[in-house]
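Peer 1: give me the fold of what follows.
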Amino acid sequence: MTRISGWMAVALFGLLAVGCDEKLSDIAGPTPNLEPTFSSIQRDIFNAPDSAGRAACTSCHNAQGARFSGNLNLGDATSYNQLVGVSSTGKTGAVRVIPGDPTGSYLIQKIEGAPGIVGERMPRTGGPFLTPGQISIIRRWIQLGAPNN
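Peer 2: I've put the predicted structure just below:
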């Protein structure tokens, strides 16, 4: 009986995990493979445009344009080290990504267009902006401690 209960628990956990993954892809909108990991955010948000017409972040935030884009280069080799625990060059006292604190992270404030940001909401092209679901997934990565995963 104990062996059957153990297998039932494993099966139930598996069903719940699949359900969670399905919901994550539902909220990811135009980036259906987006996950709350840095590698996924780099690939699906920073490096790539999405099906809603949003340009890749690296179209402005690259090695050539960084001095015009808040000195932020979101290229593969530099983005993590320029985001996590790093002060914003555009707003005194703001930190781009504060591990565990998405609301206090200036990255979230800029992509949400929060009051008090310096300059414009990102992307500064006026949109399309990240969807609430995409932002929720980035928030979750920061909430999890912003690991370099």
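Peer 1: tell me where this structure has helices.
Peer 2: Secondary structure of the chain by DSSP state H: the helices cover 2-27, 38-41, 79-83, 106-112, 132-143.
Peer 1: what about the second one, average pLDDT?
Peer 2: The average pLDDT within helix 38-41 is 98.
Peer 1: which other helices and strands contact that helix?
Peer 2: Secondary-structure packing of helix 38-41 (3 or more C-beta pairs under 8 Å, 6 or more residues apart in numbering; DSSP states H and E): helix 132-143. C-beta: built from backbone N, CA, C; applies to glycine.
Peer 1: the helix it packs on: how far from the chain's middle?
Peer 2: 5 Å (C-alpha atoms, centre = their mean, to the nearest Å).
Peer 1: same check, this time on stretch 47-56
Peer 2: 14 Å.
Peer 1: other residues contacting stretch 126-133?
Peer 2: Contact with stretch 126-133 is made by 26-30, 45, 52-54, 111, 113, 120-123, 138, as judged by C-beta atoms under 8 Å, 6 or more residues apart in numbering.
Peer 1: er, stretch 60-69 I mean
Peer 2: Outside stretch 60-69, the residues that reach it (C-beta under 8 Å, 6+ apart) are 46, 70, 72-75, 78, 123-124.
Peer 1: thinking again about what came up before, the contacts of stretch 126-133: which two are farthest apart?
Peer 2: Greatest spatial distance among these (C-beta to C-beta): Asp26 and Glu120, at 29.4 Å.
Peer 1: fine by me, thanks again.
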